[in-house]
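> kindly return the folded structure for what I paste below:
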Amino acid sequence: MRCVLQRVLEARVDIDGETVGAIEQGLMILVGVGEGDTESDARYLADKTAVLRIFSDDADKMNLSILDVQGSALVVSQFTLLADCRKGRRPAFTGAAEPQIANRLYQSYCQRLVEQGIEVQTGRFAADMQVHLINDGPVTILLESPPKAKEDSNSG
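Below is the predicted model:
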């Protein structure tokens, strides 16, 4: 799983001209779910998101978490974070999880943030959305779940 965290002063997501989610200070979070990702990945990333010290304290040092500043999160599912652009000129998305799995893990990530005490707004899974934000800093962080152990190809 991959998450792009953007520290924002405000953000909103619109669908067909209607605002479906909006926050003030907090994080705009784009979530990409890959093939083989699990509930454990969603928990890991949500827990890391909640405590990551990327907000400024009174000395203008990044020492505070979203919990510390009582910020909100606007979370949008974005399978394009799994784009493979190594060959050719058109991105391949074969590494992205199937929609049913991706939606379940996206919802799990959001729920885990709520359980941590963070107000969460969302976009709409698989919808064509317009995202508006005022990036604060700018501060943009890429989080990835830990790599999975690969099966030993010599076994069997």
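
> check contacts around Asp14.
When contacts are counted by CB atoms under 8 Å, 6 or more residues apart in numbering, Asp14 touches Val20, Met129, Gln130, His132. Heads up, the C-betas are built off the backbone N, CA and C, glycines and all.

> which among the residues you listed count as buried?
Neighbour counting by 16 or more other CB atoms under 10 Å classes Val20, Met129 among the contacts of Asp14 as buried.

> Val114: which of the contacts of Asp14 is nearest?
Lowest distance from Val114 to the contacts of Asp14 (CB to CB) belongs to Val20, with 17.1 Å.

> circling back to that earlier point, in strands, which of the contacts of Asp14 fall?
Here DSSP state E is the test, and the contacts of Asp14 give Val20, Gln130, His132 as lying in strands.

> so which of these would you say is closest to Glu119?
So of the ones in strands among the contacts of Asp14, ranked by how close each gets to Glu119 (CB to CB), first place is Val20, at 15.1 Å.

> CA atoms only for stretch 61-74, dumped as PDB, please.
What follows is stretch 61-74, C-alpha atoms only, in PDB (Å, rounded to 0.1, in the frame of the first residue of the first chain):
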ATOM      1  CA  LYS A  61      10.000  22.500  13.900                       C
ATOM      2  CA  MET A  62       8.100  19.500  12.600                       C
ATOM      3  CA  ASN A  63       7.400  18.000  16.000                       C
ATOM      4  CA  LEU A  64       3.600  17.500  16.000                       C
ATOM      5  CA  SER A  65       1.300  14.900  14.600                       C
ATOM      6  CA  ILE A  66      -2.200  15.300  13.200                       C
ATOM      7  CA  LEU A  67      -3.400  14.100  16.600                       C
ATOM      8  CA  ASP A  68      -1.400  16.800  18.400                       C
ATOM      9  CA  VAL A  69      -2.900  19.600  16.200                       C
ATOM     10  CA  GLN A  70      -6.400  18.000  16.200                       C
ATOM     11  CA  GLY A  71      -6.300  18.100  12.400                       C
ATOM     12  CA  SER A  72      -8.700  16.300  10.100                       C
ATOM     13  CA  ALA A  73      -8.000  13.900   7.200                       C
ATOM     14  CA  LEU A  74      -9.500  13.900   3.700                       C
END
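
> and for it, what's in contact with it?
Residues outside stretch 61-74 that contact it (CB under 8 Å, 6+ apart): 8, 11-13, 21-29, 49-57, 113, 116-123, 133, 139.
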